[in-house]
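K.L.:
Starting from these lines, generate the structure:
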Amino acid sequence: MRKIIGKHKNSRLIFVLIGVLLTLVILFSFYYYQIKNGRVFIDDSLISAPIGIISPTNTSVLNSLNVYEGENVKKGDILAVVGTNLISAATDGLIVSANDQLGESVSPQTQLIEMIDPTSMRVAGTIDENKGLNDIKVGQVASFTVDAIPGKTFWGYVDEISPSAKQTALSFSISTERPTQQFVIYVKYDAKKYSEIKNGMSAKISVYTKTN
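P.N.:
Numbers count the residues shown, from 1 in each chain. Next up, the predicted model:
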């Protein structure tokens, strides 16, 4: 009799455990579904900032170049001297390249210095038109990770969505399959808060589509 009661208790315990496990699986599946359907992932992303090209206003000899690649400059700093003309920084920025041609003649067509404003850096992500593009809106919360800084998540918001595809040229083919177009999503973040992020780093974006 005790053996029969013990078997019943064990069977009941097994059924209870199975029920609990099924409940957990259902809850987890629902949670995962909600998360998955509330986010759009963009793997092909890059930290970027508009590059300003600085060229001389007239043709003359480059007498001095006062900056180097990777240097931070302030508005008004003298960057170079071409002939008797002083070339100064119009804004604060970071020098990304400096064309050292001391003693040589340079012209307005010469790209003497390339400079970016670090505060204008954004994450640019390329997404296929059929991978959730229509769910993304300006102002939505976005997080991103940077390959060079593992284990840390950064936060920002969708700042811009490109109005046209990256490649708009028409290509003719005997195939009836239409090519998938790609668009660029820009995520703005606080560059001063995340000063460890550098221009050109690879990244991955998650856009939270239910936040706007």
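
K.L.:
Show me what the spatially most central residue of the chain is bridged to.
P.N.:
Nearest to the geometric centre of the chain sits V123, at 2.0 Å (Cα atoms, centre = their mean). For V123, the beta-bridge partners under DSSP bridges are I47, V187.

K.L.:
Which residues are in contact with it?
P.N.:
Going by Cβ atoms under 8 Å, 6 or more residues apart in numbering, V123 touches 45-48, 142, 144, 156, 186-187, 189, 203, 205. For glycine as for every other residue, the C-beta is placed from the backbone atoms N, C-alpha and C.

K.L.:
Can you verify my assumption that I95 contacts E69?
P.N.:
Yes. Judged on Cβ atoms under 8 Å, I95 makes contact with E69 at a distance of 5.8 Å.

K.L.:
Give the intersection of the neighbour lists for those two.
P.N.:
Common contact partners of I95 and E69 (Cβ under 8 Å, 6+ apart): none.

K.L.:
who's more crowded, these two?
P.N.:
I95 (19 against 12; other Cβ atoms under 10 Å).

K.L.:
so what strands line up beside the helix or strand encompassing the more buried one?
P.N.:
Under the criterion of DSSP states H and E, I95 resides in strand 93-98. Strands adjacent to strand 93-98 in the sheet, as given by DSSP bridges, are strand 72-73 (antiparallel), strand 113-116 (antiparallel).

K.L.:
can you list the residues that contact the shortest one?
P.N.:
For strand 72-73, the external contacting residues (Cβ under 8 Å, 6+ apart) are 67, 79, 89, 92-95, 115.

K.L.:
again, only using 7 Å
P.N.:
67, 79, 89, 92-95 (Cβ atoms under 7 Å, 6 or more residues apart in numbering).

K.L.:
PyMOL command to pick out the buried ones of those?
P.N.:
Listed next is the PyMOL selection for buried residues among the contacts of strand 72-73, using 16 or more other Cβ atoms under 10 Å:
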select buried, resi 67+79+89+93+94+95
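
K.L.:
Tabulate the contacts of strand 72-73 in CSV, adding columns for distance to T209.
P.N.:
Formatted as CSV, these follow (distance: Cβ to Cβ, whole Å):
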residue, distance to T209
V67, 43
L79, 44
A89, 40
D92, 35
G93, 34
L94, 33
I95, 38
